[in-house]
Each structure stands twice: as C-alpha cells, then as structure tokens.
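J.: Fold the following and give me the result.
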Amino acid sequence: MKLKRLFTLFLGILLYGLGIVLSIKANLGISPWDAFHQGLSALIGVTLGQAGIGVGLLILVFNYWLKEKIGFGTIVNIFGIGLVIDLLFYLDLIPTMNTLLSGIITIIVSMFTIALASYFYIGAGYGTGPRDGLMVGLVKKTNKKVGLIRGSIELTVLGIGFMLGGKIGLGTVILGIGIGPVVQLTFRLLRFNVSGVKHEYLFEKNKSADYTTEEQSYKEKCETELQFTAQSEI
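T.: This next block holds a predicted model:
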C-alpha cells in the first residue's frame, strides 16, 4: 500500500514539474512564484529549478519556526519539482510557443496538468508543499483571512520577480484566474475530497495527523485554488 502511495506522490511531482514547464513554454507570462524563481535564477546565475529548491528550503526553515508540520512529501516537493523542471529544460522536448493561440492552449494544458498533479500529490497523504505550509502558518500566526495572506504573498513574490526580470504577461493573468476553477473541476470529475485526506508527517510515528477545523478549511481552499507549491506552485 505504501508503495502505491509513493508511486502516486512521485507521479504527482513529475506532472507538477511538467505543468510548470508547459506554463513557461507558453511564452505568455508565468505565475508569481515562477516569476520570482526566474528572476532569482537570472540574478544569481543558477537554473530555474535550483532557484526553486533554494527558495523552498528557506521557506521550510521559516515554516519550522511557525511550527508547521513537515511531511516526506514536503521534502520531495522541494527537490523533486526543481529537478524535474531542470531535466525537462535540459532535454528541450517542449517547444516554446510563438503565437497567441498556441500560447493560450499550452497555458490551459498546463493548468489541467497541474490539477492532475495535485490530485496525485495531495492524495498520497505525505504532507503539503512548503509554500502551502507558509500560507497556513501565516494565517494561524496573524489571524488574518486566507485570501489576504495568499494575495499578499503572491503580490510580494510577483513584485520581486518582476523587478528581477521575471516574465509577467497575459499568461500570468490566465493562470491567476483560471487555476482555481480548473483544479476544482478536475477534483470534482475525479470525485476527490481534499478535506478527507489524512496526511502523514515526519516525527509522528504510526499515526496520521488530523487538521484542526481552521487548518482543514484553509487547506481545502488553498489546494483547490492551487499554490500547492505553488503553487500549487514550485
């Protein structure tokens, strides 16, 4: 049974990385977190995946300070998605779109790919990505609404990404507006109940951790709208 869960987790990570690469190859502008990683990679001279891994590790340290639970899936998320992104760019199997129509179609395909990735990744029950954990932690720490915290984080990373040279455009808007409904539609078609997943965390032997009512409500909204790493982002 665990082998099946691990396969589901890694399949989700693979699809998530593919979805991010598709959104970038659409050549219309990318999501806030990806813009941040893109700008950072250009600034310090690393690959996009390496930038994502570095940011993920820093967020993980901050999440630990916020006392957010860390799962095996959290660690796999940090390293796995970044490695998949770099591998796909290295292999260069996906062409860069150079027309508006092809770009929009690729963006749409990327959103459904990320939605399917989220279904597998969340369903594995090995914990959430670091960016989701950051939002959960800040909601609990500040007692502010989910929408305010999520929006503040995304606007911040988008602004920094833009200043660092990350590509912002029509695709950024499409992703921002469309990813939530696409994930929600995909979950409904697959009859997947996010709040019904019991996540297993590190340092908690032989038991699954249940969410509090506040956490559960947030997780359902966050994962449905996707900044699961974001984010679902990486």
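J.: Quick check: chain neighbours aside, which residue is closest to residue 62?
T.: Nearest-residue entry for residue 62: residue 134, 6.6 Å, with adjacent residues in sequence omitted and distances by C-beta to C-beta, 6 or more residues apart in numbering. Placement of C-beta: from N, CA and C, glycine included.
J.: Could you verify my assumption that the one you found touches residue 153?
T.: Yes. Residue 134 lies in contact with residue 153 (C-beta atoms under 8 Å); the separation is 7.0 Å.
J.: who's more crowded, those two?
T.: Applying other C-beta atoms under 10 Å to residue 134 and residue 153 shows that residue 134 carries more neighbours, namely 22 against 18.
J.: What average pLDDT does the helix or strand hosting that one get?
T.: Element membership for residue 134 (DSSP states H and E) is helix 130-142. Taken as a whole, helix 130-142 has a mean pLDDT of 85.
J.: next one: it to chain centre, how far?
T.: From the chain centre to the centre of helix 130-142 is a distance of 14 Å (C-alpha atoms, centre = their mean, to the nearest Å).
J.: Check which residues of it are buried.
T.: Buried residues in helix 130-142, counted by 16 or more other C-beta atoms under 10 Å: 130, 131, 132, 133, 134, 135, 136, 137, 138, 139, 140.
J.: how close does the last one get to residue 167?
T.: This points to residue 140. 33 Å (C-beta to C-beta, to the nearest Å).
J.: same question, residue 189
T.: For residue 189, the distance to residue 167 - C-beta to C-beta - is 31 Å.
J.: Compare the two and say which is more crowded by neighbours.
T.: Set residue 189 next to residue 167 and count neighbours by other C-beta under 10 Å: residue 167 wins out with 17 against 10.
J.: just the helices in this structure please.
T.: Assigned by DSSP state H, the chain shows helices spanning 2-25, 32-44, 48-65, 72-91, 100-124, 130-142, 146-163, 170-189, 213-225.
J.: And the residue nearest to residue 62, how far from residue 64?
T.: To residue 64, residue 134 is 11 Å away according to C-beta to C-beta.
J.: Let me see the contact set for the residue nearest to residue 62.
T.: Residue 134 is in contact with 59, 62, 63, 66, 68, 153, counting by C-beta atoms under 8 Å, 6 or more residues apart in numbering.
J.: can you pull the contacts of the nearest residue to the fourth one once chain neighbours are set aside?
T.: For residue 66, the nearest residue in space outside its immediate sequence neighbours is residue 137; the separation is 3.3 Å by C-beta to C-beta, 6+ apart. Residue 137 makes contact with 62, 63, 66, 67, 68, according to C-beta under 8 Å, 6+ apart.
J.: what's around the third one, how many residues?
T.: Translated: residue 66. Neighbours around residue 66, by other C-beta under 10 Å: 15.
J.: is it true that it touches residue 139?
T.: No. Using C-beta under 8 Å, residue 66 makes no contact with residue 139, being 10.0 Å away.
J.: residues in contact with residue 185?
T.: So, once contact is read as C-beta under 8 Å, 6+ apart, residue 185 ends up touching residue 115.
J.: ok, 7 Å please
T.: Residues counted as contacts of residue 185 (C-beta atoms under 7 Å, 6 or more residues apart in numbering): none.
J.: Noted, bye for now.
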